[in-house]
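[1] here are the coordinates; sequence isn't available:
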Ligand SMILES: [Zn+2]
């Protein structure tokens with residue numbers, strides 16, 4: 001039997017709600033057969049890729065190396081990490097006996113497997129690994145909310161394995177980069193929360209004292225207001241969280257940095273120090289987006305359909321006035337694509353309707369190409385209320401500049 005199309009609840013939502021925008025902009029959808037897991041449409045996945053690429057540029061510049069680790073990992077790893085004990089209800093588990101396994105809810109223990117095999121010396125540290133990791137968490141259905149809380153999402157997880165002396169620099173550098181990263185997306189108002197040891201935790205109090213002191217010192221050095229949340233830390237260490245608000249004023253946790261002296265001891269991850277002694281590494285967990293999907297949802301609620309040009313799934317709409325002008329539109333399209341811009345040629349329907357459609361789809365730049373533009377080699381450009389003509393080469397250079405990543 002074919003699945004029946006579901007009613008469209010998006011039509012009942014306020015237009016600025018990200019769930020309404022997901023549908024209106026044809027970005028992605030959710031359906032009951034895969035609850036709280038996203039079906040990305042071409043335009044939505046383009047936007048997803050733009051976010052991923054922006055994070056990847058920062059990750060590479062920060063000296064990280066990208067890895068990919070398995071989705072399904074057997075129980076002993078989750079027992080060693082403590083997840084099987086404290087997080088089991090939220091993991092999708094399968095199999096029995098020796099083959100009992102779970103879909104990963106985080107990538108941390110998998111990165112630890114890589115570092116253990118690398119058997120680093122002090123010269124190799126800090127060792128920085130990053131992954132755009134697809135993770136699964138069996139969240140209660142009442143807490144699910146569009147892209148903000150899903151059961152399958154991309155956690156841009158990364159870990160720094162370093163010596164105790166390197167912790168402070170690594171934490172501070174990551175936090176400064178993170179705040180600058182958020183400003184590029186138009187998030188100037190970012191909340192900071194410092195979450196301290198929870199009642200149920202791993203590791204002894206001396207390690208927690210040290211980790212909380214390090215993270216508190218970093219917050220003080222940043223000079224940014226920060227709310228302290230006693231009892232809200234991760235099971236293995238304190239965490240500093242970046243919070244963004246949606247349209248309704250609800251705060252959502254996005255980027256995070258967490259200091260962990262516990263996991264390296266549970267997995268016995270050591271490096272060989274200058275004196276030949278084997279010492280435990282310190283581990284920093286960090287994420288820029290936290291959940292890429294959640295960040296994308298907040299971005300939609302922040303900007304609506306009018307995303308900044310560098311983020312728009314399609315940056316330039318090329319509108320030939322008549323069929324005779326299509327070849328010139330295709331030529332401009334090829335030049336724009338070769339320069340790394342995202343564009344589409346729309347030749348179907350009246351010009352007025354196509355202009356409305358481009359606005360509706362949030363395409364920031366539109367170039368109308370008619371007989372005059374073909375004859376003169378110019379482009380007639382529009383950007384919101386702005387209109388101007390320019391010679392072809394000049395117009396293309398201008399578009400490249402105005403659509404460049406922030
Ligand atoms: Zn981690």
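    Here it is on my side, so go on. Since the structure is predicted, the reported quantities are computational estimates derived from the model, not experimental observations. Numbers count the residues shown, from 1 in each chain.
[2] and the helix or strand hosting residue 59, how far from the chain's centre?
    Using DSSP states H and E, residue 59 sits in helix 42-61. Centroid separation for helix 42-61 versus its chain: 8 Å, with CA atoms, centre = their mean, to the nearest Å.
[3] what is the end-to-end distance of stretch 272-282?
    Its first and final residues considered, stretch 272-282 spans 13 Å by CA to CA, to the nearest Å.
[4] got the buried residues for that stretch?
    For stretch 272-282, the neighbour count (16 or more other CB atoms under 10 Å) marks 280-282 as buried. No exception for glycine: its C-beta is placed from N, CA and C like everyone else's.
[5] give the contact list for residue 347.
    For residue 347, the contact set (CB atoms under 8 Å, 6 or more residues apart in numbering) comprises 319-320, 323, 326, 329.
[6] just the strands from the stretch 1-150 of the chain, written as ranges.
    28-29, 39-40, 65-66, 72-74, 93-94, 101-103, 127-136 (DSSP state E, counting those that start in this stretch).
[7] for the stretch 301-406 of the chain, what spans make up the helices?
    Ranges of helices in the stretch 301-406 of the chain, per DSSP state H, counting those that start in this stretch, are 326-338, 351-360, 371-376, 392-402.
[8] okay, those helices in a markdown table with mean neighbour count next?
    Below are those laid out as a markdown table (neighbours: other CB atoms under 10 Å):
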| stretch | mean neighbour count |
| --- | --- |
| helix 326-338 | 16 |
| helix 351-360 | 15 |
| helix 371-376 | 14 |
| helix 392-402 | 16 |
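[9] columns mean pLDDT and distance to residue 59 on top of these, output as CSV?
    CSV is the format used below for the helices of the stretch 301-406 of the chain (pLDDT from 0 to 100; distance: least, CB to CB, whole Å):
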stretch, mean pLDDT, distance to residue 59
helix 326-338, 97, 26
helix 351-360, 95, 33
helix 371-376, 96, 42
helix 392-402, 96, 24
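[10] columns distance to residue 45 on top of the ones you listed, output as a markdown table?
    Listed next are these as a markdown table, based on distance: least, CB to CB, whole Å:
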| stretch | distance to residue 45 |
| --- | --- |
| helix 326-338 | 17 |
| helix 351-360 | 20 |
| helix 371-376 | 32 |
| helix 392-402 | 23 |
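[11] among those helices, which is nearest residue 168?
    Proximity to residue 168 (CB to CB) singles out helix 392-402 among those, at 38.8 Å.
[12] ok, which residues in the stretch 1-150 of the chain are in contact with the ion?
    Counting by CB under 5 Å from the ion, the stretch 1-150 of the chain comes close to the ion at residue 108.
[13] follow-up on the earlier one: make TSV from the buried residues of stretch 272-282 and add secondary structure to it.
    Output for those, formatted as TSV (DSSP: H, G, I helix; E, B strand; the rest coil):
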residue	secondary structure
280	strand
281	coil
282	strand
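[14] list the buried residues of the helix or strand bottoming out on mean pLDDT in the chain.
    When each helix and strand of the chain is scored by mean pLDDT, DSSP states H and E, helix 83-86 comes last, with a mean of 88. For helix 83-86, the neighbour count (16+ other CB under 10 Å) marks 83-84, 86 as buried.
[15] for the nearest residue to residue 266 once chain neighbours are set aside, grab the count of nearby residues.
    Using CB to CB, 6 or more residues apart in numbering and skipping residues adjacent in sequence, the residue nearest residue 266 is residue 80, 5.6 Å away. Close neighbours of residue 80, defined as other CB atoms under 10 Å, add up to 15.
[16] alright, calling it a day.
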